[in-house]
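> please find the sequence and the predicted model below.
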Amino acid sequence: LKSDADQPIYIDSNAATYDDNAGVSIYTGNVISTQGSLKVWSDKLVVYFKDGDVDKLVATGKPARFQQTPDSGGDITGKALTGEYYPKQNLLILIKEAVVWQEGNTYASDIIRYDSRNSIVKAGDQESDAKRVRVILKPKTEK
Amino acid sequence: MPESNLRLYIYGVLLAIVSWWLLQLTAVDEEVIALEKSPHTVDYFSTGYAKWEMDVTGRLKSKLVADTLTHYNVDGTTHLQKPVMTIMNPDVPPWVIQSETGIVSSDKKLILMNGKAVVAREAGPRSRAMKINSSNLRVQPEINYAETDEWAELLSPPNRTEGIGMKLYYSTPIRIELFSKVRGKYEK
C-alpha cells in the first residue's frame, strides 16, 4: 500500500546482535520483517543505520520471500537469494534467482527492482544486458 | 540417712548445679561462634560508599557508588544497596550500570546486579545514545562484560529491540546479543 512507507518496521527473529562499531543490527533465525502490508521472510536480516535512521535492510535466505498488498489488484509476491530494501526510496532490489509474481504475470531475472510505493516491477539491469529477463504475461481472457 | 551419705548427696547436687551453670556459659559461646560462622556476620559497612579506580596512566577507569556497602567476613562478599557503576571508555561516552541491589564476589571478579537493572550511555560524536532495561545482570568488570537470562530491551530512540537473554560487551568493539524471542521496531 502507498501508506506502507510511513509505517514502522517490525522485525521478529530468533536472535539478534547489535554491533556498535559497524552501526548494524543483525537478526538471525526465522526472520519476519513487516512494514504495513509489505512482509519479508528471510533467514538473516542486516539493518544498516545512518545518523540513527534505518538506511538499508538486507535480507538473505534460500530464498528470501516478500509479499505486499498494492492499493489495487491482488497481492504481489517475490523471492530471491538476497533482497535489499531502501525504506527512504521505497525500493526493494531482488538479487540472484529473483522472481516476482504480479497479477498472474511472472518476471524472472538475476536482478529485479520493485517500487514498493507504486507497485512497479523493473526486471533486468539498465546499464548492461548481462542480466537476462524472462517475463510470462498471463493472456487476457477472451470476452 | 546417715550424716556421711547426706554430705555426699549435697556435694553431688552442688556438682550438678555447677556443671549445669558451666554448660550454660559454654552454650552461649557456641551460639556466638555459630553466629560468627554464619555468612551474615558483618565485619565492616559503609554508607554513601564511593570507589574510584584509575588505570595505569592515572585516568579514571571506573567508579562504583552505592547507598550502603556491607562486607561479610565469612564468605568475603560485599553487598550493595542501589549500586551505580560507571565504566569509562576511551572512544565513547561512559556506560552507567545501576540496579536495586548488588553483590560483589570475594575475588571481585563478579558483580551480581540484582533486581531491575538499567545500562545507559549518552550519545557521543561517533555513537548513539543507548539505554538497556533488564534485570539480574551478572557483570564481569575485568573483561567489560555483562549478561542476563532475563528479558532485555534496547532503546536507541526511535528504534527499539527486545528479547530474552542478553550478552553485553561494553568495551570496544561494543556488541549486544539477544538470544530469543527478538522483536525490533524501527520508526522514521
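Received, thanks. Residues are numbered from 1 along each chain as shown, chains lettered A, B, ... in the order given.
> find the nearest non-adjacent residue to the residue nearest in space to the middle of chain B, please.
By C-alpha atoms, centre = their mean, chain B has its centre lying nearest to B:I103, at 1.0 Å. Counting by C-beta to C-beta, 6 or more residues apart in numbering or on different chains, B:I103 lies nearest to B:L112, which is 4.5 Å off, once chain neighbours are set aside. C-beta coordinates here come from the backbone N, C-alpha and C atoms, glycine included.
> can you pull up the bridge partners for that neighbour?
Taking DSSP bridges as the rule, B:L112 bridges to B:I103, B:R138.
> need the pLDDT of A:S72.
As predicted, A:S72 sits at a pLDDT of 82.
> can you classify it as helix, strand or coil?
Of the three states, A:S72 takes coil under DSSP: H, G, I helix; E, B strand; the rest coil.
> over to it: give its phi and psi.
phi -140, psi 150 (degrees, to the nearest 10).
> list the contacts of the spatially closest residue to A:N90 that is not a sequence neighbour.
Counting by C-beta to C-beta, 6+ apart, A:N90 lies nearest to A:R117, which is 3.9 Å off, once chain neighbours are set aside. The contact partners of A:R117, taken as C-beta atoms under 8 Å, 6 or more residues apart in numbering or on different chains, are A:2, A:4-5, A:90.
> quick check: PyMOL command selecting the buried ones in those residues.
The buried residues among those can be selected in PyMOL (16 or more other C-beta atoms under 10 Å in any protein chain shown) with this line:
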select buried, chain A and resi 4+5+90
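> in chain B, mark out all the helices, start to finish.
For chain B, the helices defined by DSSP state H cover B:3-37.
> quick one: least confident helix or strand in it?
Between all helices and strands in chain B, the lowest mean by mean pLDDT, DSSP states H and E belongs to helix B:3-37, at a mean of 70.
> could you do chain A as well?
strand A:133-136 (a mean of 67).
> do a quick rundown of the strands in chain B.
B:42-54, B:60-72, B:78-81, B:84-87, B:95-104, B:111-121, B:130-140, B:145-156, B:159-169, B:175-186 (DSSP state E).
> now render those as a markdown table, adding distance to A:R113 and mean pLDDT.
Below are those laid out as a markdown table (distance: least, C-beta to C-beta, whole Å; pLDDT from 0 to 100):
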| stretch | distance to A:R113 | mean pLDDT |
| --- | --- | --- |
| strand B:42-54 | 55 | 93 |
| strand B:60-72 | 51 | 95 |
| strand B:78-81 | 57 | 96 |
| strand B:84-87 | 46 | 96 |
| strand B:95-104 | 42 | 96 |
| strand B:111-121 | 39 | 97 |
| strand B:130-140 | 34 | 96 |
| strand B:145-156 | 30 | 96 |
| strand B:159-169 | 26 | 96 |
| strand B:175-186 | 22 | 96 |
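> in JSON lines: these, plus distance to A:A16.
Shown next, in JSON lines, are those (distance: least, C-beta to C-beta, whole Å):
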{"stretch": "strand B:42-54", "distance to A:A16": "32"}
{"stretch": "strand B:60-72", "distance to A:A16": "28"}
{"stretch": "strand B:78-81", "distance to A:A16": "31"}
{"stretch": "strand B:84-87", "distance to A:A16": "23"}
{"stretch": "strand B:95-104", "distance to A:A16": "19"}
{"stretch": "strand B:111-121", "distance to A:A16": "16"}
{"stretch": "strand B:130-140", "distance to A:A16": "13"}
{"stretch": "strand B:145-156", "distance to A:A16": "9"}
{"stretch": "strand B:159-169", "distance to A:A16": "6"}
{"stretch": "strand B:175-186", "distance to A:A16": "4"}
